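# Got a predicted model here, sequence first, then my questions.
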Amino acid sequence: MSPDETKRAYRMDMLLASALVAAGLAVSGVSLMQIAARNPQMAQATPPLQSSPPPADQDKPPAESKPGGERPTTPAPEPARPDAEAQKAGATPALPPAPAEKTAPPIPDKK
């Protein structure tokens, strides 16, 4: 490349770079003018949610924890299905019975 071609290429690169910088400044200026021209809007927060009253069985303090022991549960956990007497009285089970094709055979005992 001759020095004239290098000078011309450098001049074209600088012209392109300055055009891009000018375009960026113009876009930024237009954006700032639009932001300043708009009416500011205030966001309105919703009132805090009111919680429901606690259930009656939660007035007891939690059970004491013992190091290395089982986790205390207050109140005791309840089974997922109602007992047989409740089912006879008309209570429906919490979970439907498993379909026959998804029931696995019993696991054989190790000898």
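Yep, that arrived. Numbers count the residues shown, from 1 in each chain.
# Going by C-alpha atoms from here, please, whenever you check contacts or count neighbours.
Noted.
# State the distance from Pro40 to Met14.
Pro40 sits at a distance of 40 Å from Met14 (criterion: Cα to Cα, to the nearest Å).
# Pull out the buried residues from the longest helix along the chain.
Across the chain, the longest stretch assigned as helix under DSSP state H is helix 3-37. By 16 or more other Cα atoms under 10 Å, helix 3-37 has no buried positions at all.
# The following helix or strand past it - what's its average pLDDT?
For helix 3-37, the succeeding helix or strand toward the C-terminus, using DSSP states H and E, is helix 84-89. Across helix 84-89, pLDDT averages out at 74.
# now helix 84-89: how far from the chain's centre is it?
41 Å (Cα atoms, centre = their mean, to the nearest Å).
# May I have that helix as PDB, with CA atoms only?
The C-alpha coordinates for helix 84-89 follow below in PDB (Å, rounded to 0.1, in the frame of the first residue of the first chain):
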ATOM      1  CA  ALA A  84     -61.400 -47.300  57.900                       C
ATOM      2  CA  GLU A  85     -64.100 -45.900  60.300                       C
ATOM      3  CA  ALA A  86     -64.000 -42.500  58.600                       C
ATOM      4  CA  GLN A  87     -64.300 -44.100  55.200                       C
ATOM      5  CA  LYS A  88     -67.300 -46.000  56.300                       C
ATOM      6  CA  ALA A  89     -68.800 -42.800  57.500                       C
END
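# Who are the packing partners of the lowest-mean-pLDDT helix or strand in the chain?
None of the helices or strands of the chain scores lower by mean pLDDT, DSSP states H and E than helix 84-89, at a mean of 74. For helix 84-89, there is no helix or strand it packs on, judged by 3 or more Cα pairs under 8 Å, 6 or more residues apart in numbering; DSSP states H and E.
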